[in-house]
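*Asks:* test case, fold it:
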Amino acid sequence: MGKTRIAGLLLLLGSMGTLATPGLFAQEKSVAPGINDNFKKPDVAKYKETFEGESREIFKSREAIVAACQIREGESIADVGAGTGLFSRLFAAKVGPKGTVQAVDIAQNFLDHIIKTSKDSGLTNIKTVLANSKDSGLATESADLVFICDTYHHFEFPQRTLESLHRALKKEGRLVVIDFERIEGKSREWTLKHVRAGREVFQKEIETAGFERIDAKTPEGLAENYFLIFRKKGQ
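*Replies:* Down below sits the predicted model:
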């Protein structure tokens, strides 16, 4: 066997060794198998009652959350995990007719509901994007703000999804993440069973994907949830 063929074989074996690293293989596996089964064909009326009910901390604090996002007129907002469209509609009113809101979800039922409620509310600046478990479906540099509320823990493939969100965010854009505080001995039993990890783990995953955290004041009324803002590293 010639030297050139030997060198080529060694290079191939080296590449295979790199691909076999635990981190890359782990990336291929869902970190929360089955967590989105209920959202394949969700009962929209049921979830509307849950997501937009007065007993939900997020709903009660919705105006404070929108204010904390510091949205400007004319911006493009991506509401990732839009659900019944609660924040999509609030954002649409905030950015005005020159701005846009992309309501992103893995459930077409939710997106159909958002289209209908937007039309009923006279909102013409909301469009829907059907995502999948590994990709948000957002176009490159299409968002000034990516908003993820009580949805990050539903990311089955967080690094792949974050990669698509990193691409979608404009150069000076912001990433807002709201999720449940998961603290042993303090958080509700539902949270401990349903949410796979706490704030520190999620923040580390987001930073690994090319984001850096910036200072942000937690909106008034949040206790079960934390509020974090990130930007692309080096911006």
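*Asks:* drop to CA atoms for contacts and neighbour counts, all remaining ones
*Replies:* Fine.
*Asks:* Val101 sits in which helix or strand?
*Replies:* If you go by DSSP states H and E, Val101 is part of strand 100-105.
*Asks:* now that strand, how far from the centre of its chain.
*Replies:* From the chain centre to the centre of strand 100-105 is a distance of 11 Å (C-alpha atoms, centre = their mean, to the nearest Å).
*Asks:* just give me the neighbour total for Ala209.
*Replies:* Here the number of neighbours of Ala209 (other C-alpha atoms under 10 Å) works out to 20.
*Asks:* and stretch 88-97, how far out from the chain middle?
*Replies:* 18 Å.
*Asks:* meant to ask about stretch 96-112, not that
*Replies:* The answer for stretch 96-112 is 13 Å, by C-alpha atoms, centre = their mean.
*Asks:* kindly report the same for stretch 81-95.
*Replies:* Per C-alpha atoms, centre = their mean, the centroid offset for stretch 81-95 relative to its chain is 14 Å.
*Asks:* flag every buried residue along stretch 101-112.
*Replies:* Neighbour counts over stretch 101-112 (16 or more other C-alpha atoms under 10 Å) mark 101-111 as buried.
*Asks:* what's the end-to-end length of that stretch?
*Replies:* 15 Å (C-alpha to C-alpha, to the nearest Å).
*Asks:* likewise for stretch 67-84?
*Replies:* Rule used - C-alpha to C-alpha; the end-to-end distance of stretch 67-84 is 20 Å.
*Asks:* next, the buried residues of that stretch.
*Replies:* Result for stretch 67-84 [16+ other C-alpha under 10 Å]: buried residues 68-69, 71, 73, 75-84.
*Asks:* same check, this time on stretch 35-42
*Replies:* 36, 39, 42.
*Asks:* adding pLDDT, secondary structure and distance to Thr161, write those residues out as CSV.
*Replies:* Formatted as CSV, these follow (pLDDT from 0 to 100; DSSP: H, G, I helix; E, B strand; the rest coil; distance: C-alpha to C-alpha, whole Å):
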residue, pLDDT, secondary structure, distance to Thr161
Asn36, 96, coil, 14
Phe39, 94, helix, 17
Pro42, 96, coil, 21
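*Asks:* does Ala143 touch Lys171 like I think?
*Replies:* No. Judged on C-alpha atoms under 8 Å, Ala143 makes no contact with Lys171 at a distance of 9.4 Å.
*Asks:* the more surrounded of these two?
*Replies:* For Ala143 and Lys171, the more surrounded residue by other C-alpha under 10 Å is Ala143, and the numbers stand at 28 against 16.
*Asks:* show me the contacts for the more buried one.
*Replies:* Ala143 sits next to 75-78, 168-170, 173 when contact means C-alpha atoms under 8 Å, 6 or more residues apart in numbering.
*Asks:* sorry, back to before: going by distance to Asp135, which of the buried residues of stretch 35-42 wins?
*Replies:* Taking C-alpha to C-alpha as the measure, Asp135 sits nearest to Asn36 out of the buried residues of stretch 35-42, at 14.5 Å.
*Asks:* now the closest one, nearest residue through space, not along the chain?
*Replies:* His154 (6.7 Å; C-alpha to C-alpha, 6 or more residues apart in numbering).
*Asks:* where do the strands sit along this protein?
*Replies:* For the chain, strands defined by DSSP state E occupy the ranges 76-80, 100-105, 126-130, 143-149, 169-180, 211-214, 225-232.
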